[in-house]
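Peer 1: build me a model from this:
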Amino acid sequence: MCFLLLSVLMRITHLRRFGLATVLASSLALFGMSQSASADTAADVSFSADHTAATPGGTVNLSMTFTNNQTTDVWFVYQSVQPTWQTTQRTDLKYALASCSGTGVTCTGAGTTTLGVNYSVPVAPGTSRTVTIPVQIAATSGCNGDIAFYSYVYYEYNNSQSHKDGVFNSPTMHVNCATPAPAGAH
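Peer 2: As a prediction, this is how the structure comes out:
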């Protein structure tokens with residue numbers, strides 16, 4: 001009798017586990033399908049750089065473009081730009097986000113390693129705002145290291161009823177060591 005009861009309980013437990021696993025798998029599949037169907041095809045933020053390498057004392061101009069990929073105006077944008085974790089581990093690399101320029105864009109924190117970016121709103125559907133950020137590498141900077149940034153963006157659209165956010169990475173800039181002038185060259 002005890003064996004029969006134990007056998008029935010084991011079957012019920014296995015069915016419950018199977019049922020729970022089926023429900024979870026189905027839910028995840030439906031959630032995954034609904035997410036991919038509504039995902040935007042274009043990135044909200046894109047980066048480019050005029051150089052991939054520089055030497056101490058040089059400058060790399062970083063361009064960052066925010067694009068409204070929505071069907072309604074964007075009415076609020078929060079964006080920050082800061083060094084990646086790997087960049088912060090190279091304490092010998094000395095650099096600054098010198099300034100920022102662009103139509104409809106203002107920045108806070110120029111001259112430091114972190115910027116806040118403010119866009120004039122509204123940003124109409126399909127339009128963009130581009131900011132140019134000179135990354136100045138100090139003459140006293142270390143070399144043979146990489147400098148890269150990431151940007152967190154949060155924005156609201158659809159009369160602030162909807163929002164979106166994300167993290168976007170800049171190109172990596174390599175800091176080469178300055179090549180010494182040949183002996184006797186002036």
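Peer 1: which residue packs closest to the residue nearest the centre of the chain, ignoring adjacent ones?
Peer 2: With distances taken as C-alpha atoms, centre = their mean, residue 168 lies nearest the centre of the chain, 1.8 Å away. Computed as C-beta to C-beta, 6 or more residues apart in numbering, the closest residue to residue 168 that is not its neighbour in sequence is residue 45, at 4.1 Å. Where C-beta positions appear, they are placed from N, C-alpha and C, glycine not excepted.
Peer 1: ok, the residue nearest to the centre of the chain - contacts?
Peer 2: 43, 44, 45, 46, 47, 150, 151, 153 (C-beta atoms under 8 Å, 6 or more residues apart in numbering).
Peer 1: partners of it in the sheet?
Peer 2: Residue 168 has these beta-bridge partners by DSSP bridges: residue 151.
Peer 1: pLDDT score for it?
Peer 2: On the pLDDT scale, residue 168 is placed at 95.
Peer 1: would you map the helices across this structure?
Peer 2: 2-38, 85-88 (DSSP state H).
Peer 1: where among the ones you listed is average confidence lowest?
Peer 2: Looking at the helices of the chain, the lowest mean pLDDT belongs to helix 2-38 (a mean of 43).
Peer 1: tell me which helix or strand in this protein has the weakest average pLDDT.
Peer 2: Lowest mean confidence among the helices and strands of the chain (mean pLDDT, DSSP states H and E): helix 2-38, at a mean of 43.
Peer 1: enumerate every residue touching residue 64.
Peer 2: 45, 46, 47, 81, 117, 130, 131, 133, 151, 170.
Peer 1: residue contacts, residue 94?
Peer 2: So residue 94 contacts 56, 137, 138, 140, 141, 142 (C-beta under 8 Å, 6+ apart).
Peer 1: go on, residue 77?
Peer 2: Per C-beta under 8 Å, 6+ apart, neighbours of residue 77: 66, 117, 118, 119, 121, 123, 153, 154, 155, 156.
Peer 1: is it bridged to anything, and to what?
Peer 2: The partner residues for residue 77, given DSSP bridges, come to residue 155.
Peer 1: for residue 165, which non-adjacent residue is spatially closest?
Peer 2: residue 154 (4.1 Å).
Peer 1: right, and residue 175 touches residue 56 too?
Peer 2: Yes: using C-beta atoms under 8 Å, residue 175 is in contact with residue 56, at 6.8 Å.
Peer 1: mutual contacts of the two, please.
Peer 2: 137, 141, 142, 143.
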